[in-house]
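*Asks:* Fold the stuff below for me.
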Amino acid sequence: MPDSAMPFLVLTRAGFDDIAARVDLGKASLFLNPGLLSETDIARLREMGTAVHVMATPVDPMQPQQVQQALLLTRNTRGSVWVERGAPRAAGAARAGERLQEAGREITPATPLRQRLARTAGGFATAALRRLTAPERGRRLMAVPYLGFGNAGRVWLKGRLLDEAAFREQSGTDSGWQNLVALYRRLESDEVAGARVLARFAGSVVETRTDGGGYFSFDFAPDVPLGGGWHVVELEFPDNVQPDGQPLRASAEIRVPAADARFGIISDIDDTVLWTNVTNKLNMALMLARTNHHTRKPFKGVAAFYRALRDGVGGSEDNPLFYVSSSPWHLFGPLVDFLKLQDVPLGPLLLRELSVRQVLKINEHGNHKLAQIERILDFYPDMQFVLIGDSGEQDPEIYAEVVRRHPGAVKMIYIRNVNPDPSRIDALDRLIDEVSATGTQLMLSPDSVFAASHAAAEGLIAVDRLPEIRSDKREDDNAPPAKTGL
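*Replies:* Numbering: from 1, shown residues only. Sure, this is the predicted structure:
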């Protein structure tokens, strides 16, 4: 009998029925072919505690190469995974359907999300990334602080400590192969666990340690009130002494919105600012591997639109921007470089802790985005926000949930329509009606010029910025295509 704790690659309904008849589904981690189960069945399984992951693209069980590729995305740290073979017994299939229906009646209450995540966390660890102990004297490490944020009395900051690696500066002339090598080096970087980290800022000194993934974070109250603008936090890693005899040091930047900022902007990145074709995981992976921040392009007109939102209707409001994405923290540097190079207003990025195998995002990512948006709202309870995303995955549903949980916190929602599927449009129409009933608008927009025209009419940006946004879009229309060839 299979071990319920191992992952299960399930490619057909018959295979699901067979495994459901033989294991405790509440302890299982299932990787399913898309369309194999209904949304209702998937919801019931998750209520039972099952970790359900719907793969991005169908896998033909009769094609060994496709099955092998799917296995690379599903096996756990021990390398063991259950794959269906042959047809299940008829009696087992009949019992499985009954068990799933019984589960819908009997499971109350639903297992808390944190327990479900804890149950399956081990299966998502990546054996390819070495877990290192606290650094010894003289070992050369690389500190990677991320952009943080705060308010007058509180600061949040995150970063990572890695074995030193030469992240070569990329250029617009790099070949696809050079881009692929650079991406691999970022994804396979070796983290340093258990290292002490000190943060010195505004008279305060706080300490933490890096976790198993090499990440560290600070959430603390400085000794003095903070004004608006960018501030520098000094970081020190006292356990790692450099060749000059001094401990490893780094500087991190945090953004504090000005007291007179009229609203904040929270934006997705994938298929909202940067074209990634996130709805097609294979094409997205190829794009990431073949291009870099010099050769990728933003969505047409988005840079000028975001500058107009930052400046507001008065032209000098300095409204803060935050970027929330399911992209991994490994891509923080290239994403910041991209924003700077394309003159998109810079702001804190809240990305995701992912392993190499999870970069294709076959698992659920909505909870990550929702949690990070709520982190931002918690820092600014008196500020309203404009939320910007796309229709490719779950942005509209996530933003609607934000509206439900935080009445009055959302000023406007703009969704770029990147998915023309009629069923998706119907679902968005229902969400538009639901959100509108709360007094917040959810606008489905074909491009940045359309969204900017609406924003000008709503008093979010100055009307005289529209020609700049139209011009920006025309320049993007005429730009040469990105270099993607290997």
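
*Asks:* going on from the strand or helix carrying Ala400, what's the next piece of helix or strand?
*Replies:* Take DSSP states H and E as the rule and Ala400 turns out to sit in helix 395-405. With elements assigned by DSSP H and E, the helix or strand that comes after helix 395-405 is strand 410-416.

*Asks:* what angle do the helix or strand that that next one is followed by and helix 395-405 make?
*Replies:* Downstream of strand 410-416, the first helix or strand assigned by DSSP H and E is helix 422-436. Orientation check (axes from the mean of the first three to the mean of the last three CA atoms, to 10 degrees): helix 422-436 against helix 395-405 gives 20 degrees.

*Asks:* counting contacts, what elements does the lengthiest strand in the chain pack onto?
*Replies:* Counting by DSSP state E, the longest strand found in the chain is strand 229-241. Judged by 3 or more CB pairs under 8 Å, 6 or more residues apart in numbering; DSSP states H and E, strand 229-241 is in contact with strand 141-145, strand 154-163, strand 196-201, strand 247-256. C-beta coordinates here come from the backbone N, C-alpha and C atoms, glycine included.

*Asks:* just the ones you listed: most buried one?
*Replies:* Of all these, strand 154-163 has the most neighbours on average by mean count of other CB atoms under 10 Å, namely a mean of 22.

*Asks:* now it: mean pLDDT?
*Replies:* Taken as a whole, strand 154-163 carries a mean pLDDT of 93.

*Asks:* List the contacts of Arg405.
*Replies:* Glu374 (CB atoms under 8 Å, 6 or more residues apart in numbering).

*Asks:* For it, give its distance to Arg200.
*Replies:* Separation of Arg405 from Arg200 (CB to CB, to the nearest Å): 35 Å.

*Asks:* Same question for Leu321.
*Replies:* Relative to Arg200, and taking CB to CB, Leu321 is found at 27 Å.

*Asks:* Ok, Asp260 next?
*Replies:* 29 Å.

*Asks:* Next: Pro247.
*Replies:* Counting by CB to CB, the gap from Pro247 to Arg200 is 12 Å.

*Asks:* Between those two, which contacts overlap?
*Replies:* Listed as contacting both Pro247 and Arg200 by CB under 8 Å, 6+ apart are Glu236.

*Asks:* Poorly predicted segments of the protein, please.
*Replies:* 1-6, 56-57, 65, 68-80, 84-140, 164-190, 274-299, 354-366, 476-486 (pLDDT under 70).

*Asks:* just the helices in it please.
*Replies:* 13-20, 39-48, 64-72, 90-106, 113-120, 176-187, 281-290, 302-311, 332-341, 366-379, 395-405, 422-436, 448-457, 466-478 (DSSP state H).

*Asks:* need the contact list for Gln384.
*Replies:* Gln384 sits in contact with Phe263, Gly264, Gly408, Ala409, Val410, Lys411, where contact means CB under 8 Å, 6+ apart.

*Asks:* Would you agree the fourth one is in contact with Leu387?
*Replies:* No: distance between Ala409 and Leu387: 9.7 Å, which falls outside the contact criterion (CB atoms under 8 Å).

*Asks:* between these two, who's got more neighbours?
*Replies:* Counted by other CB atoms under 10 Å, Ala409 and Leu387 do not tie: Leu387 has more neighbours, with 27 against 21.

*Asks:* gap between that one and Asp395?
*Replies:* For Leu387 relative to Asp395 (CB to CB), the value is 8 Å.

*Asks:* likewise Ala437?
*Replies:* 19 Å.

*Asks:* Which one of those two is surrounded by more residues?
*Replies:* Asp395 (25 against 9).

*Asks:* can you pull the contacts of Gly312?
*Replies:* Here Gly312 is in contact with Arg262, Phe263, Asp318, Asn319, Leu460, Ile461, Ala462 (CB under 8 Å, 6+ apart).

*Asks:* Buried residues of stretch 374-394, list them for me.
*Replies:* Neighbour-count burial for stretch 374-394 flags 376-377, 379-380, 383, 385-394 (criterion: 16 or more other CB atoms under 10 Å).

*Asks:* repeat for stretch 25-45
*Replies:* Neighbour count says stretch 25-45 has 25-26, 28-33, 36-37, 41-42, 44-45 buried, by 16+ other CB under 10 Å.
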